[in-house]
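K.L.:
my questions are about this predicted structure, shown below with the sequence.
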Amino acid sequence: MRDDAFDMLRRMTRARVALGRCGDGLPTQARLEFQMAHALARDAVWGKVNFDSIADALAPREVIKVASAAPDRASYLRRPDLGRRLAAGAASQLPSGPFDLVFVIADGLSADAVERHAADVVIATEARLPGLAIGPVVLASQARVALGDDVGAAMRARLVAVLIGERPGLSAADSLGVYLTLHPAPGLRDSARNCISNIHDHGLSAERAGEKLAWLVREALRIGVTGIGLKEAAPDGAIETTHSTAEITHHKPTGARGHE
């Protein structure tokens, strides 16, 4: 470990700060670490989710696999609009509720995030929502956030929660996001959703994300709104945890549109 005035700062963040220099370039170690992080990010974007393993982790819950209108990964990355719509005929595979809540696990932009964290978040959330009619879990490939609107509308769900791999950064290639929408329907704006982000091993845990999501679900059903009308920060004591509310709330940077 480098012993200098920036050591304490480095221990407090995973960001690349005060890396030093060698001549007019970075030290070899810092350059190699950057190249590794970049490679992991690329692998996360192009990776394929093993939905069979997720289905096994969710058993005995019923799961249904669907696909977006994007025919392959390259099309998905070039044409975000295709990832927002169900493939032709996919809606007919979905049961028509009504349901209070439907979970959609979408591959998004990080296969690693979905495989590592999505099932745990679903299980943690469901355990905190007794009495709700929760539909089968939908496993969606080549999917963007708005695909949940098509799914929720087809299943007559009051709420849809889309768990999706976030665009990988150079400090976390396996970060999961959750988007909650009341009365999902095609054409909704992002302002109609609540987002919980940075769910990964060095960020928000799956258990705490489940606590946060369950609180948002209950509040959305109580007041009849999600998005800008529903504050993301739960009041003190609303979340069952020993951590403070300030520690639990993770906001996306203004203007971030990681998986649309």
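P.N.:
Good, I have the coordinates.
K.L.:
quick one: the helices in the stretch 151-260 of the chain?
P.N.:
Assigned by DSSP state H, counting those that start in this stretch, the stretch 151-260 of the chain shows helices spanning 206-223, 245-248.
K.L.:
swap in the stretch 1-150 of the chain?
P.N.:
7-12, 28-46, 51-58, 73-78, 80-83, 111-113, 119-126, 147-154.
K.L.:
looks like T28 contacts C22 (just checking).
P.N.:
Yes: the criterion here is CB atoms under 8 Å, and T28 meets it with C22 at 7.0 Å. Backbone N, C-alpha and C define where each C-beta goes, glycine included.
K.L.:
give me the distance between S175 and G165.
P.N.:
8 Å (CB to CB, to the nearest Å).
K.L.:
same check on M12?
P.N.:
Applying CB to CB to M12 and G165 gives a distance of 26 Å.
K.L.:
same check, this time on A124
P.N.:
18 Å.
K.L.:
same question for A30.
P.N.:
Taken as CB to CB, the span from A30 to G165 is 27 Å.
K.L.:
the more surrounded of the two?
P.N.:
G165 (31 against 17; other CB atoms under 10 Å).
K.L.:
what bridges to that one?
P.N.:
L176 (DSSP bridges).
K.L.:
tell me which of the helices of the stretch 151-260 of the chain sits most buried.
P.N.:
Mean neighbour count (mean count of other CB atoms under 10 Å) peaks for helix 206-223 among the helices of the stretch 151-260 of the chain, with a mean of 20.
K.L.:
with just CA atoms, put that helix into PDB.
P.N.:
Once non-C-alpha atoms are left out, helix 206-223 reads as follows in PDB (Å, rounded to 0.1, in the frame of the first residue of the first chain):
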ATOM      1  CA  ALA A 206     -29.800  -7.400  -1.200                       C
ATOM      2  CA  GLU A 207     -31.400  -7.600   2.300                       C
ATOM      3  CA  ARG A 208     -31.400  -3.900   2.800                       C
ATOM      4  CA  ALA A 209     -32.700  -3.300  -0.800                       C
ATOM      5  CA  GLY A 210     -35.500  -5.700   0.000                       C
ATOM      6  CA  GLU A 211     -36.400  -3.600   3.000                       C
ATOM      7  CA  LYS A 212     -36.400  -0.400   1.000                       C
ATOM      8  CA  LEU A 213     -38.400  -1.900  -1.800                       C
ATOM      9  CA  ALA A 214     -41.000  -3.400   0.500                       C
ATOM     10  CA  TRP A 215     -41.500   0.000   2.100                       C
ATOM     11  CA  LEU A 216     -41.900   1.700  -1.300                       C
ATOM     12  CA  VAL A 217     -44.500  -1.000  -2.300                       C
ATOM     13  CA  ARG A 218     -46.500  -0.400   0.800                       C
ATOM     14  CA  GLU A 219     -46.400   3.400   0.500                       C
ATOM     15  CA  ALA A 220     -47.300   3.300  -3.200                       C
ATOM     16  CA  LEU A 221     -50.300   1.200  -2.500                       C
ATOM     17  CA  ARG A 222     -51.300   3.400   0.400                       C
ATOM     18  CA  ILE A 223     -51.000   6.800  -1.400                       C
END
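K.L.:
which other helices and strands contact it?
P.N.:
Judged by 3 or more CB pairs under 8 Å, 6 or more residues apart in numbering; DSSP states H and E, helix 206-223 is in contact with helix 119-126, strand 157-165, strand 176-182, strand 193-199, helix 245-248.
K.L.:
between T28 and C22, point out the one with more neighbours.
P.N.:
Neighbour count, other CB under 10 Å: between T28 and C22, C22 has more, with 12 against 9.
K.L.:
roughly how far does that one sit from A15?
P.N.:
Where A15 is concerned, C22 sits at a distance of 20 Å (CB to CB).
K.L.:
what do you get for A91?
P.N.:
Counting by CB to CB, the gap from A91 to A15 is 43 Å.
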